[in-house]
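Asks: any chance you could fold what I've pasted below:
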Amino acid sequence: MGGIRWATFDCFGTLVDWRHGIANGIDLLFPGQGGTLLEVYNGHEAEVQTESPGMRYRGVLAEALRRTARDAGLDLRADDAHVLGDTIAYWPVFPEVAASLTELRAAGWRIALLTNCDQDIIGETQRRLGAPVDTVVTAEMVGSYKPNHNHFTRFEEAFGATRDRWVHVAQSYFHDMEPAKALDVPRVWINRQADGRDPSIADAVLPDLHGLTATVEAVNGRARS
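Replies: Residues are numbered from 1 along each chain as shown. Here you go, the predicted model:
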């Protein structure tokens, strides 16, 4: 496997519009509240993942939504707590994803997803990405959520990925850029939200996946030099 070049990706936030999916899910229950409560939800999701690393992602979605509703003083009915898990298969893929992944594969890169979700969820999502994915490492498989290093180490051990033939691509600074830097995995930050944190944590920064192949090639070239 030593000659294979791997590009690993986070899925939700990087390839799939996670923010749109969460906000719309909240709006289904509490019209007009999705945008307002999105960052509250975001904080609770990371909190639940840290507290309960073995919890399935559907459970994390539900518990984070319960806490968000509680903080906002909203009445969340028990059966409505699962709205995010029920709709996640339909969250929109960013428009440039299919073409960008297709171009990357054509340049000789294999694609893997290192995702903080369950295997059934990523299975439903993969079919909508518009390009084949070679392998997936899920939170369900490793028993923890990023930024824990288990996704990265499991992938490295399973596929013999080496730093001169591996680039990680992701949107989340906390979940992906920080652990990838700690592990010295070459990395491209997809800064979709114009996050003002230190960009030097990444080897390259893009606002979306346009120009991805050239950027991944350049980062890999520097890692091999």
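Asks: so Asn24: helix, strand or coil?
Replies: helix (DSSP: H, G, I helix; E, B strand; the rest coil).
Asks: list the residues that contact the closest residue to it other than its chain neighbours.
Replies: Excluding its sequence neighbours, the residue lying closest to Asn24 (C-beta to C-beta, 6 or more residues apart in numbering) is Gly34, at 6.1 Å. Using the backbone N, CA and C atoms, a C-beta is placed for each residue, glycine as well. Residues in contact with Gly34 (C-beta atoms under 8 Å, 6 or more residues apart in numbering) are 22-27.
Asks: again, but for Ala72
Replies: So Ala72 contacts 30, 33, 37, 40 (C-beta under 8 Å, 6+ apart).
Asks: look up phi and psi at Gly211.
Replies: phi 80, psi 10 (degrees, to the nearest 10).
Asks: can you offset everything so residue one is 231?
Replies: Got it, first residue is 231 now, which makes that one Gly441.
Asks: next one, pLDDT for it please.
Replies: At Gly441 the predicted local confidence, pLDDT, stands at 98.
Asks: tell me the mean pLDDT for the top strand by length along the chain?
Replies: Assignment by DSSP state E gives strand 339-345 as the longest strand of the chain. For strand 339-345, mean pLDDT is 98.
Asks: centre of the chain to it, how far?
Replies: 11 Å (C-alpha atoms, centre = their mean, to the nearest Å).
Asks: who are the packing partners of it?
Replies: Contacts defined by 3 or more C-beta pairs under 8 Å, 6 or more residues apart in numbering; DSSP states H and E place strand 339-345 against strand 235-239, helix 327-336, helix 349-356, strand 365-368, helix 380-389.
Asks: how does this structure divide up, domain by domain?
Replies: Domain segmentation of the chain under automatic domain parsing yields 235-246+322-454, 248-320.
Asks: in the chain, what secondary structure element scores lowest on mean pLDDT?
Replies: helix 349-356 (a mean of 94; mean pLDDT, DSSP states H and E).
Asks: which of the contacts of Ala302 sits closest to Asp433?
Replies: Val270 (32.3 Å; C-beta to C-beta).
Asks: for the closest residue to that closest one other than its chain neighbours, pull up the helix or strand it's in.
Replies: In space, and not counting its chain neighbours, Val270 is closest to Thr298: 5.1 Å by C-beta to C-beta, 6+ apart. Using DSSP states H and E, the element containing Thr298 is helix 287-302.
Asks: tell me the buried residues in that helix?
Replies: For helix 287-302, the neighbour count (16 or more other C-beta atoms under 10 Å) marks 287-299 as buried.
Asks: residues contacting the closest residue in space to Trp321 that isn't next to it in sequence?
Replies: For Trp321, ignoring the flanking residues on the chain, the nearest one in space by C-beta to C-beta, 6+ apart is Gly251 at 3.2 Å. The contact partners of Gly251, by C-beta under 8 Å, 6+ apart, come to 242, 314, 317-318, 320-322.
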